[in-house]
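Enquirer: Sequence and predicted structure, then a few things I'm wondering about:
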Amino acid sequence: MVRLKWCVECLATALAVAMLLIGCGSSGDSDNGNAVSPVADDPHGNTPEPVVDTVRAPLFVYEILADSASGSTGINILTLLSRPRVEQLLMNHVSADSAAEQAKYEVLAAFGIDSLQFAMDSDAVLLAISSLVQNRFTKEETRNFIATLGEDLKGDGVWNDPNVKIQIADWEVGIDSAWRYNDIRNNVTTWGVTNIPNFEKYMRWFIPLAYLFEPCSEANAGTVTFVNQGQSVLFANDYETSDHSAVRFICDANNKEWRIAQPMEKDTVGFGPGEYDKEIREGRVIHDNYYIYDSGAWRMATPQEADGFTDLVEVYAGLKSDEKVVFIIRHSERTNETGEKGHLTENGKKYARNLGARLAQVKKENIYFGYSGYTRTKETCENIAEGYGLSNYDLEVLGGLDGDWYVKDSDKAESYINSAGGWMVYSKYAFLGEYADAFYDLESRSEKLLNDEIKANLRKMERLNILVTHDYLVVPLLAYTTNGHANVRYYEKWKWVNYMAGVAMIISADGSVRYIPVKGLETGTM
């Protein structure tokens, strides 16, 4: 392999072809080596974040070296970058040998490389630096950048422009997240070079240097952080806010290097053990991701687990011929009138008709409808029937569907609701057993509802039955039928049962019963 060597005696430049042919020709038409925008997060957490690519990068350093070579040998990218600093040191009466040596290591330090690393792995280091300085649009811009960086280093040997560092780091993140290093390798290989060293790690080392991360070590392994440099396209206001960027970096415990964190790594930081089995939590950064505490560990939740509800029509479609189903659901979208005479909105009526039409696509049969006696629950039944194509159907008021079914002392319940809010009170009652002086025991009251109000009326019901009630009944019933796993813990997750969501009660031919949380709209929660 042709090695890149450092020339102490001269300040001219020459081409070390084998290690520096990393880009395209002088026309600038090729995009070899350019960073491309990587793919977005896979919903199951397997792919990197989208990274904004601000610099398309024809890579011209090798041509610049060739232009400056003039027959000299043993010269590389360090010569170009250190020339102004060497000149300054010579003016300060530093000997030529010492000036060249000092300038060389100051340039290396500017890219996060120390003398030992360079001595042991010089080919890889030189290829990495050559790649980093080549993120320019044109050859002339690349030449100007090398000259500008050299002038920056001239006075004190320190790279003092954080903005340019961050720009290069942003570009390198694009290279790294899409793993475009192979383009660099392929370009070098076309010039007959084999055994290309591991230059990638030195390019990655520049990322935390530019973003001012603490060095990755045993002490902070597993730490996840964000870019708080406002000049970066990856800037985030804080860890959990992803308005600007959802990219986070993790100190890899194995390699002791910073890398882009995967969704699972950044979303579950600080979760600790779940508070209960099958607990669902929203991702800390990607808030559309959900995680479930399962068998003592967090994992990505499936869409159904995350929502916790199965499409009502899907449940109906999967019903066996000898089974009955009773859908106990909340009414459709209502107006602001919460009294008994309050109506559905026009959207609420449309939602109910659409649900009926979707059910009709599965099968046409008789439907039994029950409702609480409130206008909005009746209108929900009527619009489902209309969408289903039914003109004759059973529609009956069932007293057990009243929203106050679980209330034992209405005055105390009303007092609690006025103080804390109904959603907060009912969710804490349903899942935590609070407000016992105002509400019945959840288990005994739920069993009474299922046995006395539903099972007792099965003989007059059809194979498909829809009972429309209220959220104050559906939430406690969901808590009971799912053994506390339903994702409607408003006090904890700010999730409440959506319109036309509830519980499917499936009765088999042998009388056994199973329960499934169901949704009539796109999501089961709101």
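Expert: Received, thanks.
Enquirer: Hmm, Gln304 and Thr310 touching each other?
Expert: Yes: under the criterion of C-beta atoms under 8 Å, Thr310 makes contact with Gln304 at 6.1 Å. C-beta coordinates here come from the backbone N, C-alpha and C atoms, glycine included.
Enquirer: Could you pull up phi and psi at Arg330?
Expert: phi -70, psi 150 (degrees, to the nearest 10).
Enquirer: And for it, the neighbour number?
Expert: 27 (other C-beta atoms under 10 Å).
Enquirer: Surely it and Trp496 touch.
Expert: No: look at Arg330 against Trp496 with C-beta under 8 Å: they stay out of range, at 9.8 Å.
Enquirer: Enumerate every residue touching the residue nearest to Gly308 when sequence neighbours are not counted.
Expert: Distances taken as C-beta to C-beta, 6 or more residues apart in numbering put Asn487 closest to Gly308, at 3.7 Å, once the chain neighbours are dropped. By C-beta atoms under 8 Å, 6 or more residues apart in numbering, Asn487 lies in contact with Ile280, Ala306, Asp307, Gly308, Phe309, Lys493, Lys495, Gly524, Thr525.
Enquirer: pLDDT below threshold where in this structure?
Expert: Residues of the chain meeting the criterion pLDDT under 70: 1-63, 69-75, 135-137, 190-193.
Enquirer: residue boundaries of the strands in it?
Expert: Under the criterion DSSP state E, strands of the chain are mapped to 224-225, 249-251, 258-260, 280-282, 290-294, 297-300, 310-311, 324-330, 367-371, 394-397, 464-469, 501-507, 513-519.
Enquirer: Export the ones you listed to JSON lines and append columns for distance to Leu116.
Expert: Output for these, formatted as JSON lines (distance: least, C-beta to C-beta, whole Å):
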{"stretch": "strand 224-225", "distance to Leu116": "27"}
{"stretch": "strand 249-251", "distance to Leu116": "22"}
{"stretch": "strand 258-260", "distance to Leu116": "20"}
{"stretch": "strand 280-282", "distance to Leu116": "45"}
{"stretch": "strand 290-294", "distance to Leu116": "42"}
{"stretch": "strand 297-300", "distance to Leu116": "40"}
{"stretch": "strand 310-311", "distance to Leu116": "60"}
{"stretch": "strand 324-330", "distance to Leu116": "68"}
{"stretch": "strand 367-371", "distance to Leu116": "79"}
{"stretch": "strand 394-397", "distance to Leu116": "84"}
{"stretch": "strand 464-469", "distance to Leu116": "73"}
{"stretch": "strand 501-507", "distance to Leu116": "63"}
{"stretch": "strand 513-519", "distance to Leu116": "61"}
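Enquirer: so which of those gets nearest Asp176?
Expert: strand 258-260 (7.0 Å; C-beta to C-beta).
Enquirer: what does that closest one contact?
Expert: 48-49, 51, 173, 176-177, 204, 207-208, 213, 216, 247-252.
Enquirer: From the centroid of this protein, which residue is nearest?
Expert: The centroid of the chain falls nearest to Ile286 when counting by C-alpha atoms, centre = their mean (3.2 Å).
Enquirer: isn't that residue right next to Pro263, touching?
Expert: Yes: taking contacts as C-beta under 8 Å, Ile286 lies within contact range of Pro263: 5.6 Å.
Enquirer: number of nearby residues for the spatially closest residue to Ile64 that is not a sequence neighbour?
Expert: Of all residues not flanking Ile64 in the chain, Arg143 sits nearest, at 5.3 Å (C-beta to C-beta, 6+ apart). Neighbours of Arg143 under the rule other C-beta under 10 Å: 18.
Enquirer: isn't Arg143 right up against Ala66?
Expert: No: the pair Arg143 / Ala66 is not scored as a contact, 12.0 Å apart, by C-beta under 8 Å.
Enquirer: Gly274 against Trp298, yeah?
Expert: Yes: contact between Gly274 and Trp298 holds when scored by C-beta under 8 Å: they sit 7.1 Å apart.
Enquirer: got any residues that touch both of those two?
Expert: Common neighbours of Gly274 and Trp298 (C-beta under 8 Å, 6+ apart) are Arg281.
Enquirer: Centre of this protein to the edge, which residue is at the far end?
Expert: His93 (56.4 Å).
Enquirer: residues contacting Thr523?
Expert: Thr523 neighbours (C-beta under 8 Å, 6+ apart): Asp307, Phe309, Asn498.
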